[in-house]
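> sequence? don't have it. structure:
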């Protein structure tokens, strides 16, 4: 027990140090962690780690999906439901189909059912890898929404394909009509479980006397409850978690009413998701010795060859799918041409190239049973499938992940749709909120304004803030503010906030200031920082 605990702590510490090193050399940490894990695995004496697929599916997958759903805008998700659906479902099935036929004809001993099994495993791109690689880069909002939306539901489609292919291998029978009907049943009932479960958790948060700590704990439990409830009835746990996350996120303003609750949840989830993401990517690299051992060294070269070919196939298939779905609907329907600006060739290029595979694919491959039946017959080509999956993950994640930022900078893509700049949106929102507060005070407390100095001061501060924001907003509208000027301004604010924190630290030595009041002032500085930097998740 002590040995295992020490190993876990060492792994966590190593992951944190590697993430810091990745930031230092400016490489997206999922890519760096996979490479580092691969390098660490070859160090003599390093314990061989076995990645239990149940740990991924039960421990990591539900909260990662739930967090992604939480920060997904339902309005944007619904607006771009056509390309999201065509990628999350259409491309998964298309990739699975082509990979199935090519692999079954190319790899000795591969049946069509095994080909579909491999296709279902390697078809879904990884959400975290793409989001991390593109973080800080200039990406049109439409593309980010489509990629995030695709990643929310493509795991459900791929896992359903995998489930039916696995059943076909185990039973030796397969019915396309039955599989199609079962797909809609499994996915649809998963959505229903998510809606029902989301409403139950909504009622608990809304009508019971919860505290910020209890609210945060319940939100951590919710994805696991939704996932396990759906899987218990053999429905899609992924769809249940995504649906529940979208529902509760949409209603969050009704159930999480205090700032302390929201800040507490932000801290809990930011830390938890970061640690989980970092762990799963280094585990991919550390898993290689176990995979090679299972395959046998004499078959590694063949597996590497097949893995490279399958990697090229899935990369090319994504291009062949994305460009037509981006432009054919525009050619067929006038309403689309009128309402949606053309993505051109740059938008589909980024969408196509962002198809990096990740930990869900590896966990799915590892979940293939060792034995075909109770008599002890080994599952055919299990080790080869797992090794090919690892090669596909490594090539798409490392090669595409390292080159994607270069391509984005090279093509210099701008916003596709007409959108208001974020700083102007913030000013407009703040003006409307301040006007609402000012009108409320004037209507409900007209007498108190003249009698209560605090209320009068607050009214005047609102008027000043409205005036200052309006002047700032008008000046931004009448001239084109340079990005460098905005960054310089934000840098100045952060420097001032840092100086103010140092001053607060000095104030702890003075008896006239209580620690509780200093902490409140520090919290306000943190909130001011968030206004400048935005909330990262």
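That came through, no problem. Predicted, not measured: the structure shown is a model, and the values here were computed from it. Numbering: from 1, shown residues only.
> Identify each of the helices in the stretch 1-150 of the chain and give its residue range.
Under the criterion DSSP state H, counting those that start in this stretch, the stretch 1-150 of the chain carries helices at the ranges 2-25, 29-41, 53-54, 61-70, 74-79, 81-85, 92-106, 112-122, 127-134, 141-171.
> ok, residues contacting the first one?
Residues from elsewhere that reach helix 2-25, judged by CB atoms under 8 Å, 6 or more residues apart in numbering: 28-29, 31-33, 36, 40, 47, 275, 278-279, 282. Heads up, the C-betas are built off the backbone N, CA and C, glycines and all.
> Are any of those buried, and if so which?
The neighbour count (16 or more other CB atoms under 10 Å) marks 28-29, 31-33, 36, 40, 278-279, 282 as buried among the contacts of helix 2-25.
> Now for those residues: which two are most distant?
Farthest-apart pair in the buried ones among the contacts of helix 2-25 is 28 and 40; separation 18.4 Å (CB to CB).
> my guess is residue 310 meets residue 122, correct?
Yes - using CB atoms under 8 Å, residue 310 is in contact with residue 122, at 6.5 Å.
> Mutual contacts of the two, please.
Common contacts of residue 310 and residue 122 (CB under 8 Å, 6+ apart): 99, 388, 392.
> Mind naming the longest helix for the protein?
Longest helix in the chain, counting residues (DSSP state H): helix 297-332.
> Let me know the angle separating that helix from helix 112-122.
Angle of helix 297-332 versus helix 112-122, following axes from the mean of the first three to the mean of the last three CA atoms, to 10 degrees, is 70 degrees.
> Could you give the backbone dihedrals for residue 378?
phi -70, psi 140 (degrees, to the nearest 10).
> for residue 511, same thing?
phi -70, psi -20.
> Measure how buried residue 296 is and give me the count.
For residue 296, the neighbour count with other CB atoms under 10 Å is 12.
> which ones are touching it?
residue 383.
> before we move on, what about residue 159?
Residues in contact with residue 159 (CB under 8 Å, 6+ apart) are 120, 236, 238, 364.
> between these, which is closest to residue 266?
Residue 266 lies nearest to residue 238 out of these, by CB to CB, at 24.4 Å.
> secondary structure element for that closest one?
Element membership for residue 238 (DSSP states H and E) is helix 237-250.
> what angle do that helix and helix 61-70 make?
Using the same axes, to 10 degrees, helix 237-250 lies at 40 degrees relative to helix 61-70.
> What mean pLDDT does helix 237-250 get?
What helix 237-250 shows for mean pLDDT is 91.
> mind listing what's buried in the helix or strand following that helix?
Where DSSP H and E defines the elements, the next helix or strand beyond helix 237-250 is helix 252-255. For helix 252-255, burial by neighbour count (16+ other CB under 10 Å) applies to 252, 255.
> Surely residue 36 touches residue 282?
Yes - between residue 36 and residue 282 there is a contact at 6.5 Å, judged by CB under 8 Å.
> Let me know the secondary structure of residue 234.
Put simply, residue 234 is coil when judged by DSSP: H, G, I helix; E, B strand; the rest coil.
> right, and it touches residue 186 too?
Yes - contact between residue 234 and residue 186 holds when scored by CB under 8 Å: they sit 7.2 Å apart.
> which of those two has more neighbours?
Comparing residue 234 with residue 186 by other CB under 10 Å, the one with more neighbours is residue 186, at 21 against 13.
> show me where pLDDT drops low in the stretch 151-300 of the chain?
Filtered on pLDDT under 70, the stretch 151-300 of the chain yields the residue ranges 174-176, 258-259, 297-298.
> can you count the residues close to residue 350?
By other CB under 10 Å, 23 other residues sit near residue 350.
> check contacts around the nearest residue to it once chain neighbours are set aside.
What sits nearest to residue 350 in space, not counting adjacent residues and going by CB to CB, 6 or more residues apart in numbering, is residue 143, at 5.7 Å. Counting by CB under 8 Å, 6+ apart, residue 143 makes contact with 343, 347, 350-351, 416.
> what do you get if the cut-off is 6 Å, keeping everything else the same?
347, 350-351 (CB atoms under 6 Å, 6 or more residues apart in numbering).
> quick one: buried residues of stretch 410-425?
In stretch 410-425, counting by 16+ other CB under 10 Å, buried: 413, 416.
> looking at it, residue 286 is touching residue 37, isn't it?
Yes - Residue 286 is in contact with residue 37 according to CB atoms under 6 Å; the separation is 4.4 Å.
> which neighbours do the two share?
Shared contacts of residue 286 and residue 37 (CB under 6 Å, 6+ apart): none.
> Quick check: which element contains the nearest residue to residue 39 once chain neighbours are set aside?
Nearest in space to residue 39, with sequence neighbours left out and distances taken as CB to CB, 6+ apart, is residue 285 at 7.4 Å. Assessed by DSSP H and E, residue 285 sits inside helix 259-286.
> circling back to that earlier point, which one's more surrounded, residue 310 and residue 122?
With neighbours defined as other CB under 10 Å, residue 310 and residue 122 compare such that residue 122 has more, 29 against 23.
> The more buried one against residue 390, yeah?
No - using CB under 6 Å, residue 122 is not in contact with residue 390, being 10.4 Å away.
> and the contacts of helix 2-25, which two are the farthest apart?
Most distant of the contacts of helix 2-25, by CB to CB, are 28 and 47, 27.0 Å apart.
> quick one: which of the shared contacts of residue 310 and residue 122 is nearest residue 70?
Nearest to residue 70 among these: residue 392, at 29.0 Å, using CB to CB.
> Quick check: that closest one touching residue 311?
Yes - with contact defined as CB under 6 Å, residue 392 counts as touching residue 311 (4.8 Å).
> count of residues packed around residue 532?
Each residue near residue 532 was counted by other CB under 10 Å, and the total is 13.
> I'd like to check what contacts the helix or strand encompassing it. Which residues are they?
Assigned by DSSP H and E, residue 532 belongs to helix 515-533. For helix 515-533, the surrounding residues in contact (CB under 6 Å, 6+ apart) are 490, 493, 497, 500-501, 504, 507.
> Can you flag which of those belong to helices?
Filtering the contacts of helix 515-533 for helices - DSSP H - leaves 490, 493, 497, 500-501, 504, 507.
> which of these are buried?
Buried members of these, scored by 16+ other CB under 10 Å, are residue 504.
> can you put the ones in helices among the contacts of helix 515-533 in JSON lines and add distance to residue 24 and pLDDT?
Below are the ones in helices among the contacts of helix 515-533 laid out as JSON lines (distance: CB to CB, whole Å; pLDDT from 0 to 100):
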{"residue": "490", "distance to residue 24": "22", "pLDDT": "73"}
{"residue": "493", "distance to residue 24": "25", "pLDDT": "73"}
{"residue": "497", "distance to residue 24": "23", "pLDDT": "76"}
{"residue": "500", "distance to residue 24": "27", "pLDDT": "78"}
{"residue": "501", "distance to residue 24": "24", "pLDDT": "79"}
{"residue": "504", "distance to residue 24": "29", "pLDDT": "78"}
{"residue": "507", "distance to residue 24": "33", "pLDDT": "78"}
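> nearest to residue 157, of the ones in helices among the contacts of helix 515-533?
residue 490 (40.5 Å).
> ok, back up a step: and of the contacts of residue 159, the nearest to residue 244?
residue 238 (11.0 Å).
> isn't residue 130 right up against residue 355?
No - applying CB under 6 Å as the test, residue 130 and residue 355 come out as separate, 7.8 Å apart.
> okay, the contacts of helix 2-25 in JSON lines with distance to residue 83 next?
Listed next are the contacts of helix 2-25 as JSON lines, based on distance: CB to CB, whole Å:
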{"residue": "28", "distance to residue 83": "24"}
{"residue": "29", "distance to residue 83": "28"}
{"residue": "31", "distance to residue 83": "26"}
{"residue": "32", "distance to residue 83": "30"}
{"residue": "33", "distance to residue 83": "30"}
{"residue": "36", "distance to residue 83": "35"}
{"residue": "40", "distance to residue 83": "39"}
{"residue": "47", "distance to residue 83": "44"}
{"residue": "275", "distance to residue 83": "32"}
{"residue": "278", "distance to residue 83": "30"}
{"residue": "279", "distance to residue 83": "32"}
{"residue": "282", "distance to residue 83": "33"}
